[in-house]
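J.: predicted coordinates and the sequence they were generated for:
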Amino acid sequence: LWVMALSVRLLGLSSFAILLPQALMGVATVAVVHATVKRHFGAAAGLIGGAVLALTPVAALMFTFNNPDALLTLLMALGAWATVRAIEQASPKWMMIVGVFIGLGFLTKTLQVLLVVPFFGLAYLVAAPNTLRKRIVHSLLAVGAMVLSAGWWVAIVELIPVSARPYIGGSQTNSFLELTFGYNGLGRINGDETGSVGGGGGGGNWGATGLFRMFSSSVGDQISWLIPSALVLLAAGLWFRGRRPRTDVRRAAYLVWGGWLVVTMLVFSFMAGIFHEYYTVALAPAIGALVGMGSVEAWRRRSNGVGTIVLAVATAAAATWSFILLSRTTAYGDWLRISVLAVGMATALLILAARWLHVRAVPLVLAGALVAALAGPTAYAVSTTAQGHTGSIVTAGPAGSSRGPGGGGGFQGGPQGGGGRGGLLDASTPSTAVVAALSANAGKYTWVAAAIGSQTAAGLQLGTQLPVMAIGGFNGSDPSPTLAQFQQYVADGRIHYFAGGGRGFGNQNGGSSASSEISSWVQQNFASVGIDGSTFYDLTQPVSSAQ
């Protein structure tokens, strides 16, 4: 959020100012993956790795959307790049740089960044060209750099007295540590998320958990197009490099990217708490890198037959899985999926016969492999970027295939948000009459309105360009403000209206009931006012029976 806030400071509040940093982060992430893969596997591998990342549907979505996942993905990719550099040189400096990137990733989206840490560390401990003692010391330096780069902000927040700091949204005790290790930590794994909007319990609103979750109807077309091929090429790459010296950097690169993919994919597959399809953008750099590295290395080993078998299997897997994914949508008709399957299978057979092909036919075969692998995700990526996306929970792909545990939200009677697929929890755009009513005498109030949850509050605030209180934070389940605090704000004349029908979820999964208490108190003590079909309560005009 700091990056987008700086952009808004420089360029003013607009969609362009908010989304420009996301797009630049996407370009940077592709460049980092390209450079890291190219360094040890060559230009062709780097180009393939970068292209796979750029054309992954969920990456095309999240690098053009207002969300912290774009920055997190960039920082994780930078961590992988720095890890490979550290392994090359057995460098404590580069290991500390790895720690800094991981620490910044923690400040971006807390514990999710730690999913890549185990194999970053393992790769260095296995492959760095120095003694085990030095490798351990360098790893500890990386941990120290990570703690310092992440911990300074946490320390500042936690050292400020609870009564003197802004409320930590998502927590129940105004604690960043509680938020990190509870709602955003173990709660995501076991589903026990106090204050959550629902889900958990091994699936619930967040979809069924299990080993094949990444291939399911709700997630598969976001990220899984080349996961089968990436896993085949990962296994082959490790086998190809199996007898190399301990310090082989290419094998270490397979550990870095392969560990990233496998660990993150398994956690996403089995987490019982809140899970959204767009989280899977964190897998995209690893998939791109593995496909780039593995395919080029397999092609270079085509003379002994093993490489051609690996590449043929990877190509056939990509074409077959793309055919299945494309069969789940009617957006492209039958021609695309049939073409992908036909080209893929024909190319796989030609790859097996590569040793006997005329040299002029080789580029056509390689082009066929790229078409089989990338045609499906490219179609989805183009469809994604061709439309706008609004709401808090979005998905990639062609329009008209809405998914997710809900639809557009907003205050009663207001136009609904939307655009693209899966625009759950949209912030509605208030009508002209609502904007005029809330803007009247706005200078007299700290907040021109209050609403349960941030979704309704956001729509009103953007529509009026005036402060609106989000009661209970994002979900409406935070105990802030309390009923007593809200009553004091009203008594002091600091709030003009209360918006009825807000998109809050108060008292969910053990969360605070403060928002529902506030809503009940307002309804009992203030008369409702209809404004262009929307319900509001004028908090400056109590009913005669008010207590």
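T.: Happy to help now that I have it.
J.: contacts and neighbour counts: CA atoms only from here.
T.: Fine.
J.: quick one, helices of the stretch 301-450 of the chain?
T.: 306-326, 335-352, 362-385, 432-439 (DSSP state H, counting those that start in this stretch).
J.: what is the orientation angle of the first one with helix 362-385?
T.: Which is helix 306-326. Here the directions of helix 306-326 and helix 362-385 differ by 30 degrees (axes from the mean of the first three to the mean of the last three CA atoms, to 10 degrees).
J.: any idea how many residues pack against Leu186?
T.: 17 (other CA atoms under 10 Å).
J.: who's in contact with it?
T.: Under the criterion of CA atoms under 8 Å, 6 or more residues apart in numbering, the contact partners of Leu186 comprise Asp192.
J.: so where's this structure shaky on pLDDT?
T.: For the chain, applying pLDDT under 70 flags the ranges 193-205, 400-427, 502-512, 544-547.
J.: how does it divide into domains?
T.: Domain assignment for the chain by automatic domain parsing gives 2-385, 432-542.
J.: those domains: which one's closest to Pro398?
T.: Counting by CA to CA, Pro398 lies closest to domain 2-385 out of those; the figure is 5.0 Å.
J.: now do stretch 243-258: distance to the chain's middle.
T.: Relative to its chain's centre, stretch 243-258 lies at 28 Å (CA atoms, centre = their mean, to the nearest Å).
J.: helices of the stretch 101-250 of the chain, start to end?
T.: Applying DSSP H, counting those that start in this stretch to the stretch 101-250 of the chain gives helices spanning 117-127, 132-159, 176-178, 187-190, 220-223, 227-240, 249-270.
J.: about what we covered before: in TSV, list the domains of the chain along with distance to Gly391.
T.: Formatted as TSV, the domains of the chain follow (distance: least, CA to CA, whole Å):
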stretch	distance to Gly391
domain 2-385	10
domain 432-542	9
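J.: out of these, nearest to Ala399?
T.: With CA to CA as the criterion, Ala399 lies closest to domain 2-385 of the domains of the chain, at 7.5 Å.
J.: and that closest one, how far apart are its ends?
T.: Separation of the first and last residues of domain 2-385 by CA to CA, to the nearest Å is 25 Å.
J.: residues touching Leu266, list them.
T.: So Leu266 contacts Leu211 (CA under 8 Å, 6+ apart).
J.: same check, this time on Gly79
T.: Ile97, Val98, Gly99, Phe101, Ile102.
J.: the same query, at a cut-off of 6 Å, please.
T.: Gly79 makes contact with Val98, Phe101, according to CA atoms under 6 Å, 6 or more residues apart in numbering.
J.: again with Gly99
T.: Taking CA under 6 Å, 6+ apart, we find Gly99 in contact with Ala142, Val143, Ala145, Met146.
J.: for the residues you listed, which single residue is the most surrounded?
T.: Busiest of the contacts of Gly99 [other CA under 10 Å] is Ala142, holding 25 neighbours.
J.: do I have it right that that residue meets Met96?
T.: Yes. Contact between Ala142 and Met96 holds when scored by CA atoms under 6 Å: they sit 4.3 Å apart.
J.: let me know the helix or strand that Thr540 is in.
T.: Element membership for Thr540, per DSSP states H and E: strand 534-542.
J.: wait, Ser528
T.: Using DSSP H and E, Ser528 maps to strand 526-531.
J.: run me through the strand neighbours of that strand, direction for each.
T.: The pairing partners recorded for strand 526-531 under DSSP bridges are strand 534-542 (antiparallel).
J.: just want the angle from the strand it pairs with to helix 432-439.
T.: 20 degrees.
J.: tell me the buried residues in strand 534-542?
T.: Using 16 or more other CA atoms under 10 Å as the test for burial, strand 534-542 gives Ser534, Thr535, Phe536, Tyr537, Asp538, Leu539.
J.: save those residues as JSON lines, and put in distance to Glu88 too.
T.: Output for the buried residues of strand 534-542, formatted as JSON lines (distance: CA to CA, whole Å):
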{"residue": "Ser534", "distance to Glu88": "63"}
{"residue": "Thr535", "distance to Glu88": "64"}
{"residue": "Phe536", "distance to Glu88": "64"}
{"residue": "Tyr537", "distance to Glu88": "65"}
{"residue": "Asp538", "distance to Glu88": "66"}
{"residue": "Leu539", "distance to Glu88": "66"}
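J.: how about the helices of the stretch 101-250 of the chain, which one is nearest Ala316?
T.: Nearest of these to Ala316, taken as CA to CA: helix 227-240 at 8.5 Å.
J.: what packs against the closest one?
T.: helix 284-300, helix 306-326 (3 or more CA pairs under 6 Å, 6 or more residues apart in numbering; DSSP states H and E).
J.: switch the cut-off to 10 Å
T.: Counting contacts by 3 or more CA pairs under 10 Å, 6 or more residues apart in numbering; DSSP states H and E, helix 227-240 packs against helix 249-270, helix 284-300, helix 306-326.
J.: hey, which of the ones you listed is tucked in deepest?
T.: Highest mean neighbour count of the helices and strands packed on helix 227-240: helix 284-300, a mean of 27 (counted as mean count of other CA atoms under 10 Å).
J.: count the neighbours of Gly333 for me.
T.: By the criterion of other CA under 10 Å, Gly333 has 11 neighbours.
J.: now do Val137
T.: By the criterion of other CA under 10 Å, Val137 has 12 neighbours.
J.: you'd agree it is up against Pro92?
T.: Yes. At 8.3 Å, Val137 counts as touching Pro92 under the criterion of CA atoms under 10 Å.
J.: next structured bit after whatever helix or strand Val27 lives in?
T.: Taking DSSP H and E as the criterion, Val27 maps to helix 15-41. As assigned by DSSP H and E, the chain's next helix or strand after helix 15-41 is helix 43-54.
J.: about what we covered before: return the most buried member of the helices of the stretch 301-450 of the chain.
T.: When the helices of the stretch 301-450 of the chain are scored by mean count of other CA under 10 Å, the highest mean neighbour count falls to helix 306-326 (a mean of 25).
J.: ok, how many other residues are close to Ala35?
T.: When neighbours are counted by other CA under 10 Å, Ala35 registers 20.
J.: quick one: buried residues of stretch 39-57?
T.: Neighbour-count burial for stretch 39-57 [16+ other CA under 10 Å]: 39, 41-57.
J.: cool, and stretch 483-501?
T.: The neighbour-count check on stretch 483-501 (16+ other CA under 10 Å) flags Leu483, Phe486, Gln487, Tyr489, Arg494, Ile495, His496, Tyr497, Phe498, Ala499, Gly500, Gly501 as buried.
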